[in-house]
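kindly generate the corresponding structure for this input.
(2 chains)
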2 protein chains.
Amino acid sequence: MTGHPKPAVCVLGTGLIGGSVLRAAAGAGYRAWGYNRSEIGAKAARADGYDVISDSEEVLRRAAERDALIVIGVPMPALGTILSDIRSFAPDCQLTDVVSVKAPVAELVHRHELGKHFVGGHPMAGTSESGWAASTPDLFSGAAWALSVDEGVRAEPWTRVARLALDCGAVVVPVLNAEHDRAVARISHLPHVLAEALAVEGAAGGNLALGLAAGSFRDGTRVAATAPDLVRAICEPNAAALLEVLEDTLRVLGEARDSLRANGTIADLVEAGHAARVDYDDNQRWAITGIRPGDHDWLAQLAEAGRRGGVVKSLD
Amino acid sequence: MTGHPKPAVCVLGTGLIGGSVLRAAAGAGYRAWGYNRSEIGAKAARADGYDVISDSEEVLRRAAERDALIVIGVPMPALGTILSDIRSFAPDCQLTDVVSVKAPVAELVHRHELGKHFVGGHPMAGTSESGWAASTPDLFSGAAWALSVDEGVRAEPWTRVARLALDCGAVVVPVLNAEHDRAVARISHLPHVLAEALAVEGAAGGNLALGLAAGSFRDGTRVAATAPDLVRAICEPNAAALLEVLEDTLRVLGEARDSLRANGTIADLVEAGHAARVDYDDNQRWAITGIRPGDHDWLAQLAEAGRRGGVVKSLD
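Take a look at the predicted model:
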C-alpha cells in the first residue's frame, strides 16, 4: 500500500520515550506518525515536522488501514484507556509497548484480548526530563531494548519489533516479563528510590550541606529531578519486585550501620560494592547468533541467552 | 628570599586532591613543591615537570626555610606520621589540610601541638579515580572549599589558605568543624554508602540486570568505582555523623517500604525527594562581604554566614 521499504509505525504517546521512538523510526526511514493525548504536546511535535495529533481514533484507524506496528508509549496509568481504543479501532495491528514494567502491561493487554499480536518491550534509556521537548532521535543509540520472549509470543511481530529496535540504534535483550521486572527493580527502580532518599537527607542539612555538595551528591540525586508522577508511574506498578529488592537494600544498609557502630568500619559493604561496580564495568554484551525467531524452541533459547547477557545485534 | 609575588606552598601527599592543589597552585604562580610517600607517584609528578620527591624530611626542611604554607593531602590513616614529621622539621609553618573529615584532623593536629598555625580545609571536589595521574589543575574550578572558622583559628593563616583556595578557582565556605562533618556525612559519605549498596543490589541481578542497566544505575553507582581503601579512609573517620544520617536514611527507606507494601505507593518519598532535589538545584551561593579576618567576632560572623549558604569569593 505504501511502496515504502519499511512498514508503518504508529506511536501512541509522544513523550520522552515514545517521542524518541517516533523521531528515531522516522529517521530510519519508517513511515511514522503518532498520537498524543495533550494537544500541546501534539502541537510541539507538529512544529518539529512530525505527524502527531490528539485524536486517537483517527490515528488508530490509519494504523489499521496501513497495517502499522503500534508502539504504546503512554505511562502506565493511561494504559487501560489506550488499549480500549486499540481494541475498538485497530484490533488486528501488531503491537508493542515501551512502558517500563512488563508483567502488568502484558496482563492488561491480554485482558483487552490484544495478546495475539503483542510483544512487550522496554528500551533502557531516559533522562530526568520528560515530554516531547526532551525526546531525541538518538536516545536509543547503543541502548539495551528488552523484548519479551514469554510463551505465546509469535515470531512475526517479535521480528518486526526487534527490527525497529535495531533500526533505532539499540540492541535487543530477549527476556521473560517476570525476569525483566525483577531486573529493572534492581537497576532502574531502586536507583530512583535511593536518589530520592539521598536528596531528602542532603536537603535536611540545609544551605550549608547543599552548598558543599559536589559530584557524588549531584550524580546520586540526578534522577530525583524526574517528575514525581512519572517516577511513581514507573516504580509503583512493579511494587512486588521493588519491595523485594528494597527489603534486601535495607538489610545491606542495616548491616553496614551495625558494623560501623560496633567496629567503626564499613569495609564489607565497600568491598562488595566496589567488586559489584567492577562487574558492571566489565559486563560485556555478547551477540546471540543462530537462533531464528519461529524455529523450534526459539523463545526458550532466546530467554536463556538473554539471561546470560546475550543480545540480538542483527536479524540476518 | 624568593622575590616571588606569592608565598611558597608545600604539598604533602600528591594524590588526586593534593596533586591537583600542587598543579593549581603552580599554575596560579605559587612556588610549589611536594612530597609523596610512594616514589612511583613522586616520579610520575616529576615526569610532568613538578618538584615532588619521596623524602619528607628534605621537603619539610625546605618548607621551614621558605616559610611555606604546608598543605596536608595524605589520607586520614597516614595523618599521624606526617604530623610527626611536620612537628620535627617545620613546626612553625602555617598549615592546612585537604583531608575530608575536619574534627578528627583538628584533634590530631592539636595533639601534635601544631594547632597554633593550623586552619582545617576541605575542597569539595573529586572523581572516582585517584592518584597523581587523576589530578588536574582545574579540579577546584567553581568548587566549594570548606575552611574552618573554629575558635582559635588565626586571621593570618586563614587569609593565606583562603587566598590559595580562591587562586585555585574555588569559593571559600567558612564552617565549624563539627558542622562540616555533619554536612559531608549527608552530601559526600552517604552518597558513597548508597552507591555501594546500589551496586551490590544491581550485581545480584546477574548479567541480565547489569546488561539492562542504563543511566540511573551508572550515575547512582559511579562513586562505587572509587578504591575501597579510599572510601573507607573518607567515611570511617566520620563514623558518628555518618551513623546518624545512616539511621535516618534507614528510617526514610523503611517508611517507603511500609507504604509500598501497605498502599502500593512511594508517593511521600518521591514528592519529598523531588522537592529536595529542586532545593539543591535552586541553591545559590551568595557572596559574603564586609567581614574581615581578624575583626572583632569575625570567626562567629563567618560561621553564621556560611551556615546560611554564604561563600567568600574575594579577599579585597
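
and residue A:12, what does it touch?
Residue A:12 sits next to A:18, A:34, A:35, A:56, A:59, A:70, A:71, A:72, A:73, A:74, A:82, A:86 when contact means C-beta atoms under 8 Å, 6 or more residues apart in numbering or on different chains. (Glycine included, C-beta is placed from N, CA and C.)

the same query, at a cut-off of 7 Å, please.
Applying C-beta atoms under 7 Å, 6 or more residues apart in numbering or on different chains, we find residue A:12 in contact with A:18, A:34, A:35, A:70, A:71, A:72, A:73, A:74, A:82.

please apply the same query to residue A:148.
For residue A:148, counting by C-beta under 7 Å, 6+ apart, the contacting residues are A:102, A:106, A:119, A:120, A:175, A:177.

skip the chain neighbours and tell me the closest residue to the fourth one.
Using C-beta to C-beta, 6 or more residues apart in numbering or on different chains and skipping the chain neighbours, the partner closest in space to residue A:120 is residue A:148 (3.9 Å).

all strands of the stretch 201-316 of chain A, in order?
Counting by DSSP state E, counting those that start in this stretch, one finds strands in the stretch 201-316 of chain A at the ranges A:286-287, A:310-311.

could I get those as CSV with distance to chain B, mean neighbour count and mean pLDDT?
As requested, the strands of the stretch 201-316 of chain A are exported to CSV (distance: least, C-beta to the nearest C-beta, whole Å; neighbours: other C-beta atoms under 10 Å in any protein chain shown; pLDDT from 0 to 100):
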stretch, distance to chain B, mean neighbour count, mean pLDDT
strand A:286-287, 9, 12, 96
strand A:310-311, 7, 22, 96
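
so in chain A, where's the weakest helix or strand by average pLDDT?
Ranking every helix and strand in chain A by mean pLDDT, DSSP states H and E puts helix A:228-235 at the bottom, with a mean of 93.

that one: which residues count as buried?
Within helix A:228-235, the residues scored as buried using 16 or more other C-beta atoms under 10 Å in any protein chain shown are A:228, A:230, A:231, A:232, A:233, A:234, A:235.

repeat for stretch A:302-316
So stretch A:302-316, judged by 16+ other C-beta under 10 Å, has buried residues A:302, A:303, A:305, A:306, A:307, A:309, A:310, A:311, A:312.

leaving aside the residues next to it on the chain, what's closest to the fourth one?
It stands for residue A:306. residue A:174 (4.0 Å).

for the helix or strand harbouring that neighbour, which outside residues touch it?
Using DSSP states H and E, residue A:174 sits in strand A:171-175. With C-beta under 7 Å, 6+ apart as the test, strand A:171-175 has contacts from A:144-149, A:162, A:165-166, A:285, A:302-303, A:305-306, A:311-313, B:208, B:211-212.

where exactly do the helices run in the stretch 151-300 of chain A?
Remark: helices assigned in the stretch 151-300 of chain A by DSSP state H, counting those that start in this stretch are A:155-167, A:177-184, A:190-203, A:206-212, A:215-220, A:228-235, A:239-263, A:267-282, A:298-307.

so for residue B:140, which of these sits nearest?
Closest to residue B:140 of these, according to C-beta to C-beta: helix A:215-220, at 12.4 Å.

returning to that earlier point: out of the buried residues of helix A:228-235, which is nearest to residue A:274?
The nearest one, if we look at the buried residues of helix A:228-235 relative to residue A:274 and count by C-beta to C-beta, is residue A:235, at 26.7 Å.

just checking, the closest one touches residue A:245?
No - here residue A:235 lies out of contact with residue A:245, judged by C-beta atoms under 7 Å, at a distance of 10.9 Å.

now residue A:172: closest residue in space, sequence neighbours ignored.
In space, residue A:172 is closest to residue A:312, 4.0 Å off (C-beta to C-beta, 6+ apart).

go on, residue A:211?
Nearest non-adjacent residue to residue A:211, counting by C-beta to C-beta, 6+ apart: residue B:309, 5.1 Å away.

so who does the closest residue to residue A:299 other than its chain neighbours touch?
The spatial neighbour of residue A:299 that comes closest, neighbours along the chain excluded (C-beta to C-beta, 6+ apart), is residue A:149 at 4.5 Å. The contact partners of residue A:149, taken as C-beta under 7 Å, 6+ apart, are A:174, A:175, A:176, A:299, A:302, A:303.

ramachandran angles for residue A:149?
phi -120, psi 40 (degrees, to the nearest 10).

residues in contact with the helix or strand that contains residue A:22?
For residue A:22, the host element (DSSP H and E) is helix A:16-27. The contact list for helix A:16-27 (C-beta under 7 Å, 6+ apart) reads A:9, A:11-12, A:14, A:32, A:34, A:45, A:50, A:71, A:73, A:98, A:123, A:126-127, A:129-132, A:134-137, A:139-140, A:164, A:168-169.

out of these, which are inside helices?
Among the contacts of helix A:16-27, the members falling in helices (DSSP state H) are A:45, A:164.

narrow the contacts of helix A:16-27 to those in strands?
Cross-referencing these against strands under DSSP state E gives A:9, A:11, A:12, A:32, A:34, A:71, A:123.

tabulate the residues you listed in CSV, adding columns for pLDDT.
Shown next, in CSV, are the ones in strands among the contacts of helix A:16-27 (pLDDT from 0 to 100):
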residue, pLDDT
A:9, 98
A:11, 98
A:12, 98
A:32, 98
A:34, 98
A:71, 98
A:123, 96
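
and for the residue of the stretch 51-200 of chain A found nearest chain B, the neighbour number?
Using C-beta to the nearest C-beta, the closest approach of the stretch 51-200 of chain A to chain B is made by residue A:196 at 2.6 Å. By other C-beta atoms under 10 Å in any protein chain shown, 31 other residues sit near residue A:196.

surely it meets residue B:275?
No - Residue A:196 is beyond contact range of residue B:275, at 9.9 Å (criterion: C-beta under 7 Å).

not counting its neighbours along the chain, what's nearest the spatially most central residue of chain A?
Chain A has residue A:122 as the residue nearest its centroid, 3.3 Å off, counting by C-alpha atoms, centre = their mean. Of all residues not flanking residue A:122 in the chain, residue A:146 sits nearest, at 4.3 Å (C-beta to C-beta, 6+ apart).

right, and the residue nearest to residue A:211 touches residue A:209 too?
No - no contact is recorded between residue B:309 and residue A:209 when judged using C-beta under 7 Å, the distance being 9.8 Å.

farthest-apart pair in the contacts of residue A:149, please.
A:175 and A:299 (10.9 Å).

please parse chain A into its domains.
A:9-175+A:284-311, A:181-282 (the TED database).

list just the one of those domains that sits closest to residue B:156.
domain A:181-282 (25.0 Å).

could you work out the end-to-end span of that closest one for me?
Terminal residues of domain A:181-282 lie 23 Å apart, using C-alpha to C-alpha, to the nearest Å.

who's in contact with stretch A:54-74?
Taking C-beta under 7 Å, 6+ apart as the rule, stretch A:54-74 contacts A:1-2, A:7-15, A:17-18, A:21, A:33-39, A:42, A:53, A:82, A:85-86, A:89-90, A:92-99, A:160-161, A:164.
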